[in-house]
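Trainee: coords please:
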Amino acid sequence: MKVLVTGGAGFIGSHTVDLLLEKGYELRVLDSLESPVHPKKKKPDYLPNNVEFILGDVQSKDDIERALQGVDYVFHLAAYQGYLTNFGKFAFTNDGGTALIYEVIVQKKLPIRKVILGSSQAVYGEGKYRCAEHDIQYPSPRSSEQLERGDWEIKCPTCQQPMQPLPTDESKTSPHNQYAVSKHCQELYALTLGKRFDIPTVVLRYSITQGPRQSLYNAYSGILRIFASRLLHNLPPIIYEDGEQLRDYVYVGDVAAANILAMESNAVNYAVYNVGGGEVLSVLQYGELLSNVMGKGVTAEIPGEFRFGDVRHIISDVSKIKKLGWQPQTSIEQAARKYIDWARKQPEISDYYAAAEKVMKQEGVLKTVRR
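Mentor: Numbers count the residues shown, from 1 in each chain. Next up is the predicted model:
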């Protein structure tokens, strides 16, 4: 059986490739090796030589056609991620690439057995909350005016009282930023076209994924790599808002295992599953954990800034995928240790945050609270 992994030279993609090889599958990778993840446009050393590699772009129909030839299964993990205001790139790469995959499968009548789409918990926006008086709510994004006041918490739309964040299941989406919108559209393309043309399709919504190979070069997103690169230079992590934002995290090896489960099980076709680690920490707690893991006595800084488009709290409910027999195996601390061990072995470890901060401020993404 031959498997195509788009974005297979990347973080989640390469770990999925490793696990597929262990299980005896034949592998092909399509990857554009694009910056900032691959600034040198060089195939990473961790990608095995027995994997067929195609340097190509999911926005190119010719590249998609070449990559899909003779393939049985497709993991579509290539995506553009971040917070910058180049909205078209999110749409053309994420949505256009997904549509092209189905276009080629249908037009060429390719016998693809299944497409597994890597999506994100970002599609939930603020997710699910409970108001003490008005019960379950799915709130709208916080306004710029609210955030500029340093008023961080989500309020009930009816009574304006603070609400309790709850684990969010797969039933309702509400994307709040350009990346989230593009991932939601990817899902719509995949599930709609998959059902219409009888191409079995599964969507997996990953929580914040952690572990080795998470690029050191991208300082626009990824709490582990951003905090770790600062701490490795004995610099304090920079925390937005007040640091009390709640997040859940999952180890990349556990995500890869969920990917394989989705490919090999017929019970999951045309369904959506959250993939999360089940552990919840505030951003401040995460910074403290990472500092302790690295043996650093560095205290995080909270400069009174916020990234417009961030959600306040988001926690994924993973009970649905657990019913299939999947369980996260790696704790947040173990994932952080694995990443730090890997990062310390890399030849170049620079602090890219300052440059990224400047760009985000120029584009109006990173803003300051009005005192």
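Trainee: now the strands for the stretch 151-300 of the chain?
Mentor: Under the criterion DSSP state E, counting those that start in this stretch, the stretch 151-300 of the chain contains strands at 164-166, 201-206, 208-210, 246-251, 271-275, 279-282.
Trainee: how about those strands, which one is nearest Leu324?
Mentor: Of all the strands of the stretch 151-300 of the chain, strand 271-275 sits nearest to Leu324, with 7.9 Å by C-beta to C-beta. Any C-beta I mention is one placed from the backbone N, CA and C, and that applies to glycine too.
Trainee: what are the contacting residues of the closest one?
Mentor: Residues outside strand 271-275 that contact it (C-beta atoms under 8 Å, 6 or more residues apart in numbering) are 119, 121, 168-170, 187, 191, 202-207, 250, 254-255, 258, 262, 316-318, 320-321, 324, 326.
Trainee: show me the helices in the stretch 101-250 of the chain, by range?
Mentor: Under the criterion DSSP state H, counting those that start in this stretch, helices of the stretch 101-250 of the chain are mapped to 144-148, 178-196, 223-232.
Trainee: make JSON lines out of those helices and add distance to Ile154.
Mentor: Formatted as JSON lines, the helices of the stretch 101-250 of the chain follow (distance: least, C-beta to C-beta, whole Å):
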{"stretch": "helix 144-148", "distance to Ile154": "10"}
{"stretch": "helix 178-196", "distance to Ile154": "16"}
{"stretch": "helix 223-232", "distance to Ile154": "20"}
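Trainee: give me the low-pLDDT residue ranges for this structure?
Mentor: For the chain, residues meeting the criterion pLDDT under 70 lie at 218-221, 348-352, 371.
Trainee: in contact with Val298, which residues?
Mentor: Leu231, Asn234, Leu235, Pro236, Pro237, Ser291.
Trainee: now it, nearest residue through space, not along the chain?
Mentor: Excluding the flanking residues, the one nearest Val298 by C-beta to C-beta, 6 or more residues apart in numbering is Pro236, at 5.2 Å.
Trainee: quick check, central residue of the protein?
Mentor: Ser120 (5.2 Å; C-alpha atoms, centre = their mean).
Trainee: neighbours of the closest residue to it other than its chain neighbours, how many?
Mentor: Distance criterion C-beta to C-beta, 6+ apart; nearest residue to Ser120, sequence neighbours excluded, is Lys183 at 4.8 Å. Residues near Lys183, counting by other C-beta atoms under 10 Å, number 28.
Trainee: ok, Lys183 - contacts?
Mentor: Ala79, Asn94, Ser119, Ser120, Ala122, Val123, Pro175.
Trainee: would you list these in TSV and tack on distance to Val106?
Mentor: Shown next, in TSV, are the contacts of Lys183 (distance: C-beta to C-beta, whole Å):
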residue	distance to Val106
Ala79	22
Asn94	20
Ser119	21
Ser120	26
Ala122	28
Val123	25
Pro175	26
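Trainee: for Lys61, state which of the residues you listed is nearest.
Mentor: Asn94 (16.0 Å).
Trainee: separation between Ile64 and Pro175?
Mentor: 25 Å (C-beta to C-beta, to the nearest Å).
Trainee: before we move on, the earlier item: which of the contacts of Lys183 count as buried?
Mentor: Ala79, Asn94, Ser119, Ser120, Ala122, Val123, Pro175 (16 or more other C-beta atoms under 10 Å).
Trainee: phi, psi of the closest residue to the first one other than its chain neighbours?
Mentor: Spatially, and ignoring its direct neighbours in sequence, Ala79 is nearest to Asn94 (5.1 Å; C-beta to C-beta, 6+ apart). According to degrees, to the nearest 10, the main-chain angles of Asn94 amount to phi -70, psi -50.
Trainee: sounds good, over and out.
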